[in-house]
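Colleague: what would the 3D arrangement of this be:
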Amino acid sequence: MLATVHAATLLGVRGHPVRVEVHVDNGLPAFNVVGLPDASCKEARDRVRAALVSSGLAWPSRRITVNLAPTGVPKAGAVLDLPMAVGLLVACGEVEPESIDGVAFLGELGLDGSLRPIPGALPLVDAVEVGVVVVAPDNAVEARLVTPTVVHTVPDLRSLVLALRGEEPWPEAGSPAPEAVAFEEPDLVDVRGQRMARFAVEVAAAGAHHLLLIGPPGAGKSMLARRLPGLLPDLTGDQALEVSRIRSAAGEALPTGGLFRRPPWRSPHHGASAAALVGGGSAAMRPGEISLAHGGVLFLDELGEFAPKVLDALRQPLEDGTVQISRVAGSADYPARVLLVAAMNPCPCGGSGAPGGCRCPEHVRLKYLRRVSGPLLDRFDLRIDVDRPEPVELLDGSDGEPSSAVAERVAAARERARSRGVTANVELDASALATAAPLSHEATRLLEATLHAGRLSARGLHRVRTVALTIADLTGREGPVGPDLIDTALGLRIDPFRPAGHGIH
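Modeller: Residues are numbered from 1 along each chain as shown. You can find the predicted model right below:
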């Protein structure tokens, strides 16, 4: 009369083990689900009933109680349809209890008894407490990424019952998925001119420094940003698994080869809400764009058009590399270590703020720029002007340096960072930075003068030194950081609030 089935539920981007306890007893016919189920879990009653009847199995006209343990963890989605059905079959004597020992079940049931794929199969299978799991055929590739789990797939509930009874063998697993075809990323060779902007993109890729591109429409800001992922090295095994787990939890399809091997690229529209950007939601907490870009690039085009409150929601995730979403029903942590790249016009009309080219009064231009708060602006290690290329640069037809050559320098710089115990220089704390990049006397004096002028915060000082170290890594320099490197790093950190026509570090 009582059966217990292993399963899992998704909370944020991580799976949590669940035991589905099904009790069948005499009494008025009823089907009750307890243990913090959401609406989709409660609706499983109708799906399970229709699936059993369509599969030629009897539906008991008795009192059925389903408990989802542990009761303190919220349960969401239709992933528990299959374990509820299996528990009911065991409790009614249709299937022997020994046949489900050490087996977990994950899947949504169709009204015809078919087994449908569920989002988040990778983290869900990773969370189960047993070594064998049954999933829908479309979830097989994701499920097999978790080792040493044994994965069985069945097309429908009838096939599952026959396999559990031993009347038929488990369906064949099918041929392994083909390797994913490499996506050809945009190449820097297409960019004409923009020497300083190209250098800033290279520094950003080498040190994982956040980059802000400011310039008029058509200057090439978006073109440069879209070529930055092509400079980044492939994801490591652990990074690929974590990135794939996040995308799976969000319901996105994984590559045919299984894992994402290249750094992700996300570019949300400027009308995105705070929940869409950092994650959350009311019914089910979903990872936001900053988490979906974890390990890669988050590009915010038209930064000045985003709602200020939405942009300020990024401040804590950019600093900590993680997002914690708290709701009454529970909380969830999302990884959010990204390279943020943003592009914006210098004013509403896009005329660069230059005399004769801009139609905006000074107060209108400053109001537009101040949609980006000072604390968020301070988190951009690199802030540069991107002017339109000269006509001769656009028309001479000569190619610039290809991404492959730049990527080699970036890889070498990242390797030097790994020798310091981090994946990129931006992760160095104050003590590690002092050891890796001691300042020369002249560099110290230059930074002291900049601090006295009020052009750097304490965070900005740390980031300038980090950018200087990244530039040294790209050029292969050793020894103390000199004033030339500091001056270059300051030159890559312009103040967008300066009066039109004036530039300062």
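Colleague: okay, domains of this protein per the record?
Modeller: 2-165, 188-425 (automatic domain parsing).
Colleague: end to end, how far does the shortest one reach?
Modeller: This means domain 2-165. 18 Å (C-alpha to C-alpha, to the nearest Å).
Colleague: mean confidence score for it?
Modeller: Across domain 2-165, pLDDT averages out at 93.
Colleague: same check, this time on the last one
Modeller: The average pLDDT within domain 188-425 is 89.
Colleague: how far off centre is it?
Modeller: 12 Å (C-alpha atoms, centre = their mean, to the nearest Å).
Colleague: show me which strand runs longest in this protein.
Modeller: Taking DSSP state E as the criterion, the chain has its longest strand at strand 14-25.
Colleague: list the helices and strands that strand packs on?
Modeller: Packing partners of strand 14-25 (3 or more C-beta pairs under 8 Å, 6 or more residues apart in numbering; DSSP states H and E): strand 2-11, strand 63-69, helix 81-91, helix 121-127. In short, each C-beta sits where N, CA and C put it, glycine included.
Colleague: pick the most deeply packed of those.
Modeller: helix 81-91 (a mean of 28; mean count of other C-beta atoms under 10 Å).
Colleague: list the contacts of it.
Modeller: 1-7, 18, 20-24, 33, 44, 47-48, 51-52, 57, 60, 64, 66, 95-97, 100, 104-109, 115, 134, 157, 160-161, 164 (C-beta atoms under 8 Å, 6 or more residues apart in numbering).
Colleague: between that helix and strand 2-11, how big is the angle?
Modeller: Following axes from the mean of the first three to the mean of the last three C-alpha atoms, to 10 degrees, one obtains 170 degrees for the angle between helix 81-91 and strand 2-11.
Colleague: tell me what the very next helix or strand once past helix 81-91 is packed against?
Modeller: Using DSSP states H and E, the helix or strand that directly follows helix 81-91 along the chain is strand 103-105. Contact partners of strand 103-105 among helices and strands, from 3+ C-beta pairs under 8 Å, 6+ apart: strand 2-11, helix 81-91, strand 132-135.
Colleague: may I see those organised as JSON lines, with distance to Pro148 added?
Modeller: What follows is these, written out as JSON lines (distance: least, C-beta to C-beta, whole Å):
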{"stretch": "strand 2-11", "distance to Pro148": "16"}
{"stretch": "helix 81-91", "distance to Pro148": "22"}
{"stretch": "strand 132-135", "distance to Pro148": "10"}
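Colleague: looking at those, which is closest to Val341?
Modeller: Val341 lies closest to strand 2-11 among the helices and strands packed on strand 103-105, at 29.9 Å (C-beta to C-beta).
Colleague: Glu185 - nearest residue in space that isn't next to it in sequence?
Modeller: Nearest in space to Glu185, with sequence neighbours left out and distances taken as C-beta to C-beta, 6 or more residues apart in numbering, is Gly230 at 3.7 Å.
Colleague: which strands or helices does the lengthiest helix in the chain pack on?
Modeller: Taking DSSP state H as the criterion, the chain has its longest helix at helix 458-475. Using 3+ C-beta pairs under 8 Å, 6+ apart as the contact test, the elements touching helix 458-475 are helix 195-207, helix 403-418, helix 430-436, helix 441-452, helix 483-491.
Colleague: same thing but at 7 Å, please
Modeller: helix 195-207, helix 403-418, helix 430-436, helix 483-491 (3 or more C-beta pairs under 7 Å, 6 or more residues apart in numbering; DSSP states H and E).
Colleague: just how off-centre is the longest strand of the chain within its chain?
Modeller: The answer for strand 14-25 is 29 Å, by C-alpha atoms, centre = their mean.
Colleague: for the nearest residue to Ala437 once chain neighbours are set aside, grab the count of nearby residues.
Modeller: Of all residues not flanking Ala437 in the chain, Leu469 sits nearest, at 4.1 Å (C-beta to C-beta, 6+ apart). When neighbours are counted by other C-beta atoms under 10 Å, Leu469 registers 24.
Colleague: Leu439 is in contact with Leu469, correct?
Modeller: No. Contact criterion C-beta atoms under 7 Å: Leu469 and Leu439 do not qualify, at 10.5 Å.
Colleague: joint contacts of the two?
Modeller: Common contact partners of Leu469 and Leu439 (C-beta atoms under 7 Å, 6 or more residues apart in numbering): Val481.
Colleague: pull the contacting residues for Ala249.
Modeller: Applying C-beta under 7 Å, 6+ apart to Ala249 gives the contacts Leu10, Val13, Pro119, Gly120, Pro123, Pro287.
Colleague: swap in Val125?
Modeller: Counted by C-beta under 7 Å, 6+ apart, Val125 has contacts Leu106, Val133, Ala143, Val146, Thr149.
Colleague: how close does it get to Val132?
Modeller: According to C-beta to C-beta, to the nearest Å, Val125 and Val132 sit 11 Å apart.
Colleague: now Ala8: how far from Leu339?
Modeller: 32 Å.
Colleague: that should have said Ile494, apologies.
Modeller: Using C-beta to C-beta, Ile494 is found at 19 Å from Leu339.
Colleague: got it, and Val203?
Modeller: For Val203, the distance to Leu339 - C-beta to C-beta - is 11 Å.
Colleague: spatially central residue for the chain, please.
Modeller: With distances taken as C-alpha atoms, centre = their mean, Leu292 lies nearest the centre of the chain, 2.2 Å away.
Colleague: partners of the closest residue to that one other than its chain neighbours in the sheet?
Modeller: Spatial nearest neighbour of Leu292, excluding adjacent residues (C-beta to C-beta, 6+ apart): Arg266 at 5.3 Å. Beta-bridge partners recorded for Arg266 (DSSP bridges): Leu298.
Colleague: now do the contacts for Arg266.
Modeller: Taking C-beta under 7 Å, 6+ apart as the test, what Arg266 contacts is Glu289, Leu292, Ala293, Leu298, Phe299.
Colleague: hang on, the earlier thing: Ala332: which of the helices and strands packed on strand 14-25 is closest?
Modeller: Of all the helices and strands packed on strand 14-25, strand 2-11 comes closest under C-beta to C-beta, at 5.4 Å.
Colleague: how many neighbours does the residue nearest to Glu185 have?
Modeller: 22.
Colleague: using a markdown table, lay out the contacts of Ala249 together with distance to Arg262.
Modeller: Listed next are these as a markdown table, based on distance: C-beta to C-beta, whole Å:
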| residue | distance to Arg262 |
| --- | --- |
| Leu10 | 25 |
| Val13 | 19 |
| Pro119 | 22 |
| Gly120 | 21 |
| Pro123 | 21 |
| Pro287 | 19 |
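Colleague: which of the residues you listed lies closest to Ser419?
Modeller: Nearest to Ser419, judged by C-beta to C-beta, of the contacts of Ala249 is Val13 at 30.7 Å.
Colleague: just give me the neighbour total for that closest one.
Modeller: 26.
Colleague: now it, nearest residue through space, not along the chain?
Modeller: Ala249 (4.1 Å).
Colleague: from Arg286, how far off is the one you found?
Modeller: 8 Å.
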